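Participant: 3D, please:
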Amino acid sequence: MSPTVRKRRLGAELRRLRIECGLTGGQVAQRLLISQPKISRMENGHCAISPRDVRDLCALYGVTDQQILDSLMRMAKESAQQGWWNAYGDIPYSIYIGLETDAHSIRSFAPMVIPDLLQTPGYAQAVIEETIPLITVEQASNRLKVRLRRQHRIYDHADPLRLCVILDESTLRRVVGSPGLMREQLEHLNALSAEPHITVQVLPYSAGALPGAVGQFSTLSFADSPEAGVVYLEGSTSDLYLEKRSDLEHYEVIHAHLRARALSTDNTRHFISGLIGSYDGTRG
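Facilitator: Numbering: from 1, shown residues only. Here you go, the predicted structure:
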């Protein structure tokens, strides 16, 4: 389990204990002389939770079961460990990478560019360089290395990450990098879509308006806790993570509607094959 997921699981358990003893976040903050935003960040897994924090919170919540205390303390220590991606410096979407690392399956909709996990190295490099203003050569190199390392999950034959991706037609027609890179990327997409754990479908222009004018999103599910999914909404300056069951169900319904309108997997491969020939030029 990645440190990110441990942190979020620990925060969820501490939230449950607080609610069971009938305290609000404000009351906890007042009694422990800390800020209420810190309580919220800890419970949402957005900041580190030290063993001392766990000890103080459990004492306030009246937790006396030593096994529960030991388990929470162990989670606090393990959540402080660094993920592999931390070696590459400041990666702004590190929370998402931690969740992706432990996810069992991901459903996503991509209306602008092909998702990171399905990108070729050339396409990924072009996306990074063309979409991030003022990025340095070192930053671009680190982001590319992280992106390619993340793709190991879909090549893990023992426990591959299951993907169900819906691509808006515009993602295939928008020339990223060069026509040669696009041709290579589309050939790569067709090859990946033949894998049993990867589903790729194209939502054609003829499908009409999108439900709720939805933008890019992903829903992540975890094998050991299927009810505790996460909705990831990527932003240009900050990302949003939704964990309420109602939010998860909302986006799952939207994904199902989009998938029903999209081309079948076989027709998607035929569609992509037809576009491949439209990209002239050498391969990337």
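Participant: center of this structure, which residue is that?
Facilitator: By CA atoms, centre = their mean, the chain has its centre lying nearest to residue 96, at 4.4 Å.
Participant: quick one, helices of the stretch 1-150 of the chain?
Facilitator: 3-20, 25-32, 36-43, 51-61, 66-79, 94-102, 121-131, 137-150 (DSSP state H, counting those that start in this stretch).
Participant: so for the longest one, what gets flagged as buried?
Facilitator: Taking 16 or more other CB atoms under 10 Å as the basis for neighbour counts, the residues of helix 3-20 that come out buried are 3-15, 17-18. C-beta coordinates here come from the backbone N, C-alpha and C atoms, glycine included.
Participant: and what of the third one?
Facilitator: Of the residues in helix 36-43, those scored as buried under the neighbour-count criterion (16+ other CB under 10 Å) are 38-40, 42-43.
Participant: do the same with the second one
Facilitator: Counting neighbours by 16+ other CB under 10 Å, one finds that the buried residues in helix 25-32 are 25, 28-29.
Participant: ok, now the fifth one?
Facilitator: The neighbour-count criterion (16+ other CB under 10 Å) identifies 72-73, 75-76, 79 as the buried residues of helix 66-79.
Participant: list the contacts of it.
Facilitator: Taking contacts as CB atoms under 8 Å, 6 or more residues apart in numbering, the residues outside helix 66-79 that touch it are 1, 3, 6-7, 9-10, 13-14, 48-51, 53-55, 58, 63.
Participant: now the end-to-end length of stretch 196-211.
Facilitator: Counting by CA to CA, to the nearest Å, you get 28 Å between the two ends of stretch 196-211.
Participant: residue numbering should commence at 291 henceforth.
Facilitator: Sure, I'll start numbering at 291, so the last one becomes stretch 486-501.
Participant: so what touches it?
Facilitator: When contacts are taken as CB under 8 Å, 6+ apart, the neighbours of stretch 486-501 outside the stretch itself are 399, 401, 408, 444, 450-460, 462, 479, 482-483, 544, 547-549, 551-555, 558, 561-562.
Participant: in strands, which of those residues appear?
Facilitator: Here DSSP state E is the test, and the contacts of stretch 486-501 give 399, 452-458 as lying in strands.
Participant: now do the contacts for residue 374.
Facilitator: Per CB under 8 Å, 6+ apart, neighbours of residue 374: residue 439.
Participant: where does this protein dip in pLDDT?
Facilitator: Along the chain, the parts satisfying pLDDT under 70 run over 291-292, 502-503, 516-517, 527, 570-574.
Participant: on that earlier part again, wait, which of the buried residues of helix 326-333 is closest to residue 524?
Facilitator: Using CB to CB, the shortest approach to residue 524 within these belongs to residue 330, at 21.9 Å.
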